[in-house]
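Trainee: no FASTA, just this:
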């Protein structure tokens, strides 16, 4: 079990290399070896979405991937989105609309929202709800999350808020 | 400076202040227990029972002892120095259960911890777990509560007299006689199946032992750090000043992190024995099988009423499937007894008899869950109310209006003894009714033939409970007080500490709004400390919709005491009467003068400038006060659900939820709406999705989130929340608790809406969750000659 595999990758724009056990989960690698604990592990079977990251620009469940699968990849985690002093617009919108309570699922939602804003039309709230349905939040009932995303979509599309 | 508007103090309470906890949580800089890593830290994994009830014959660990990564393997034999966990109660007829921290001779539910393995990594600990063999002898057991209740049923705990560990009857008047003579009555057997809190963060604990100081720090995903400190200390024979419990960022609880767990005790004990930090993080399987569960109740109830729809009497038999152990500190009585005590609800029903029995079964222990007892009570009662309305051909709104306690009838004592204080019972019903266009929905139903249903549910709850009422019946622990400590340090910065423990409730913001409002400083300049037994005053935590009322009340009292001292000092500096000194927006001033300093200057004078203030005028810029509401406040609400059922697939779509609620003064409307929305979502889960299933041998068959379904954004409807403010309750802030109500009302409203949508088929909705499959079975049953409803 001590056979380790060499991987090189970019995390939030910074190049890294590491030797990892072949069975090490990507989520555990990011959290325990990289110290990027913003990626949360909620179910370890790909349902809750708390561990969502992007790999080469596409959202991925880091609990269903192995660290070795990140080899050669460009990984983004919530830590790469914005900082407490200079938040990303998605983070600001979540704050303005009170779209988080305990905050555990939030990093996964933020990564998903980043992707769906880039890839989907999100014409109405129903489409927003469907696009977010791979992420579970137990605190908010989703209403404020949908409102935050609606505001971001309107900004993207140059539509003024009603 | 003659423009007096310049002095008007900004109001913070009631404003949608942006949350102060958000920046760290939004940027991945929060700190949850699982995120903490300490030098020399080791990892703990459990082997848990795969049997519902079995004798442990042998545990074979030979294959593992040679593994270099394994640091220790522990069984019950290694914890003989720790007493069993027992939840005491003064309740008559109650039998406490003895729960060893690791199963000793027998296992009593699938998921009960049997072996603890400590290794250098979680991976290695789980490798070792796979090599350890436990030999069990399955024992005869009754899996369902009804079977466990039967005469001669095998006992789950040999030391107890029977599986029935609690029984209580509430009675006012002679309900059975009233019902026998009543002109009208409706009955039903109602069932709310087991579910679980399912916070997104699994439970996690990390214990760090300082050998030199003989001090233990336990980081944990808990919402009752004070209670955990006291009981872990007692079990491990440590004084309170040797053990510190810190709840860092906690990812939701909803009750599931609100009891003492064996894992907490084991982590703490092993950190001392190994003299290394020990960490345990539950996985989702463990969460779904070994964290406290909810509901699991069945009610046989009858409601009698006269021809005008006035309720006469209510009778109920309640059976609670409490699981294998009576949980600490709440006991197994918490949930089922609250079903019986709240069943009469917000209505004037002269006679009541409700008997409740709690029965041990080989399933995980039940514990607190959002709403505690009331989701079941309100589901059963609101179904009966709709059945009564149908029998009389009366509208569901009208029958509620005739029976809800009216504005002039407060205080009103219901048949179980609960006393409702003034709250907007009728006002919420009216507001909810006005928000729904029933005529348009009826027209749509007629025109389209769609299966559209509308359901109402009204309820009341006691929140912010004081010292005279035990949160759990007979529990020998005071949960009716909270203390705040507020200080101004030498830099003029303000820190307010509490024994509360926020886990999503936004207390770092709402309590800062309160302290800021009272002291006259901006909320962002107040730091709230909570969830740390060493940093705050005595307190039991955040649960039972108590933190705004108790913590907020303590914050107001304390800030006022401190403000008096601030004014004393400033009055000396300004050479004016203290009553003329005012504060606002961080300034301390005297109106229409040029006397104006900030808190930094005040602190400098008090702490550092020993010349300006004479000794006797140097106030201590710190205050601590305790608040006890003695009884509690009454929160009331009416929920309305609109559903549409697809006649082909029987898919149930929630179209809309309206909540009209009276929670007194709002501290932060954004936060209140968020709490209501989240509560409603859990009501949606209880009504339509969430069910922990067990097979006939007690094996859980819903052990992943693909089997145990919770609402996603796609299942949630649009929600309208209407805030009704009637007379404010008699507490310092005029607050009522409101964290749980969403779950209490929505569950019943949805059940009534589904029943309304299928009323043309003669189907009743008596068991939740109601799913397309279950609905199909009910539809089929109505078509078969021998079919029963």
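Mentor: Done, it's in. Treat the numbers as computed from the prediction; the structure is a model and nothing was measured.
Trainee: can we go C-alpha only for contacts and neighbour counts from here?
Mentor: OK.
Trainee: Mind telling me what element residue B:555 is part of?
Mentor: With elements taken from DSSP states H and E, the one containing residue B:555 is helix B:552-574.
Trainee: on contacts alone, who are the packing partners of that helix?
Mentor: Under the contact definition 3 or more C-alpha pairs under 8 Å, 6 or more residues apart in numbering or on different chains; DSSP states H and E, helix B:552-574 sits against strand B:482-488, helix B:507-519, strand B:581-584, helix B:599-607, strand B:622-627.
Trainee: tell me the most buried of the ones you listed?
Mentor: helix B:507-519 (a mean of 26; mean count of other C-alpha atoms under 10 Å in any protein chain shown).
Trainee: other SSEs contacting it?
Mentor: Helix B:507-519 packs on strand B:526-529, helix B:552-574, going by 3+ C-alpha pairs under 8 Å, 6+ apart.
Trainee: between the helices and strands packed on helix B:552-574, which one is nearest to residue B:125?
Mentor: Set against residue B:125 and scored by C-alpha to C-alpha, these come closest in helix B:507-519, at 37.1 Å.
Trainee: can you give me the angle the closest one makes with strand B:482-488?
Mentor: 60 degrees (axes from the mean of the first three to the mean of the last three C-alpha atoms, to 10 degrees).
Trainee: Poorly predicted segments of the chain, please.
Mentor: In the absence of a named chain, chain A is used. Scanning chain A with the threshold set as pLDDT under 70 gives A:1-2, A:161-162.
Trainee: Actually, chain B is the one I wanted.
Mentor: Scanning chain B for pLDDT under 70 picks out B:1-9, B:785-789.
Trainee: so the closest residue to residue A:64 other than its chain neighbours is in which element?
Mentor: Ranked by C-alpha to C-alpha, 6 or more residues apart in numbering or on different chains and with sequence neighbours excluded, the top spatial neighbour of residue A:64 is residue A:46, at 6.1 Å. For residue A:46, there is no host helix or strand (DSSP H and E).
Trainee: tell me the contacts of residue A:46?
Mentor: Each residue near residue A:46 by C-alpha atoms under 8 Å, 6 or more residues apart in numbering or on different chains is listed here: A:61, A:63, A:64.
Trainee: just residue B:339 next, same as before
Mentor: Counting by C-alpha under 8 Å, 6+ apart, residue B:339 makes contact with B:318, B:372, B:373, B:374, B:376, B:377.
Trainee: Could you list which of the residues you listed belong to strands?
Mentor: Under the assignment DSSP state E, the contacts of residue B:339 contribute residue B:318 to strands.
Trainee: thinking residue A:26 is in contact with residue A:65, fair?
Mentor: Yes: contact criterion C-alpha atoms under 8 Å: residue A:26 and residue A:65 qualify, at 5.4 Å.
Trainee: When those two are compared, which one has more neighbours?
Mentor: Per other C-alpha atoms under 10 Å in any protein chain shown, whichever of residue A:26 and residue A:65 has more neighbours is residue A:26, with 23 against 17.
Trainee: sorry, back to before: now, which of the contacts of residue A:46 lie within strands?
Mentor: Using DSSP E, residue A:61 are the members of the contacts of residue A:46 that sit in strands.
Trainee: would you list the contacts of residue A:46 in CSV and tack on neighbour count?
Mentor: Shown next, in CSV, are the contacts of residue A:46 (neighbours: other C-alpha atoms under 10 Å in any protein chain shown):
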residue, neighbour count
A:61, 22
A:63, 26
A:64, 16
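Trainee: okay, the contacts of residue A:46 in a markdown table with distance to residue A:157 next?
Mentor: Shown next, in a markdown table, are the contacts of residue A:46 (distance: C-alpha to C-alpha, whole Å):
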| residue | distance to residue A:157 |
| --- | --- |
| A:61 | 28 |
| A:63 | 33 |
| A:64 | 34 |
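Trainee: Tell me the one of the contacts of residue A:46 nearest chain B?
Mentor: Of all the contacts of residue A:46, residue A:63 has the smallest distance to chain B: 11.8 Å, by C-alpha to the nearest C-alpha.
Trainee: Does the closest one touch residue A:45 like I think?
Mentor: Yes: using C-alpha under 8 Å, residue A:63 is in contact with residue A:45, at 6.9 Å.
Trainee: For the nearest residue to residue B:585 once chain neighbours are set aside, grab the count of nearby residues.
Mentor: Distances taken as C-alpha to C-alpha, 6+ apart put residue B:521 closest to residue B:585, at 4.7 Å, once the chain neighbours are dropped. Using other C-alpha under 10 Å, residue B:521 has 27 neighbouring residues.
Trainee: what do you get for the one 5 residues further on?
Mentor: Neighbourhood size, residue B:526 [other C-alpha under 10 Å]: 25.
Trainee: From residue B:162, how far off is it?
Mentor: 54 Å (C-alpha to C-alpha, to the nearest Å).
Trainee: contacting residues around residue B:742?
Mentor: B:659, B:675, B:676, B:677, B:678, B:679, B:680, B:681, B:682, B:683.
Trainee: Those: which two are farthest apart?
Mentor: The span of the contacts of residue B:742, defined through C-alpha to C-alpha, is set by B:659 and B:682 at 14.1 Å.
Trainee: Stretch B:385-395: how far from the chain's middle?
Mentor: Mean-position distance between stretch B:385-395 and its chain equals 33 Å (C-alpha atoms, centre = their mean, to the nearest Å).
Trainee: buried sites along that stretch?
Mentor: For stretch B:385-395, the neighbour count (16 or more other C-alpha atoms under 10 Å in any protein chain shown) marks B:385, B:386, B:387, B:388, B:389, B:392 as buried.
Trainee: next structured bit after the strand or helix carrying the fifth one?
Mentor: With elements taken from DSSP H and E, the one containing residue B:389 is helix B:374-392. The C-terminal neighbour of helix B:374-392 among helices and strands, as given by DSSP H and E, is helix B:396-403.
Trainee: other SSEs contacting that next one?
Mentor: Using 3+ C-alpha pairs under 8 Å, 6+ apart as the contact test, the elements touching helix B:396-403 are helix B:374-392, helix B:425-435, strand B:451-463.
Trainee: Outline the domain layout of the chain.
Mentor: By default, I'm working from chain A. A:5-80, A:89-157 (automatic domain parsing).
Trainee: Not quite, go with chain B.
Mentor: Split by automatic domain parsing, chain B gives B:4-29+B:481-627, B:40-139+B:202-250+B:257-290, B:374-467+B:630-783.
Trainee: got those domains as a markdown table, with distance to residue B:323 columns?
Mentor: Formatted as a markdown table, the domains of chain B follow (distance: least, C-alpha to C-alpha, whole Å):
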| stretch | distance to residue B:323 |
| --- | --- |
| domain B:4-29+B:481-627 | 22 |
| domain B:40-139+B:202-250+B:257-290 | 8 |
| domain B:374-467+B:630-783 | 11 |
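Trainee: Show me where chain A has its helices.
Mentor: With DSSP state H as the definition, chain A shows helices at residue ranges A:26-28, A:89-96, A:106-119, A:125-132, A:143-157.
Trainee: Deepest in the core, which of these is it.
Mentor: With neighbours defined as mean count of other C-alpha under 10 Å, these peak in mean count at helix A:26-28, which reaches a mean of 23.
Trainee: Report back the residue of chain B that's furthest from centre.
Mentor: Computed with C-alpha atoms, centre = their mean, the residue of chain B farthest from its C-alpha average is residue B:611, at 52.5 Å.
Trainee: Can you classify the closest residue to chain A within the stretch 651-789 of chain B as helix, strand or coil?
Mentor: Using C-alpha to the nearest C-alpha, the single residue of the stretch 651-789 of chain B nearest to chain A is residue B:678, 4.1 Å away. The three-state label for residue B:678, taken from DSSP: H, G, I helix; E, B strand; the rest coil, comes out as helix.
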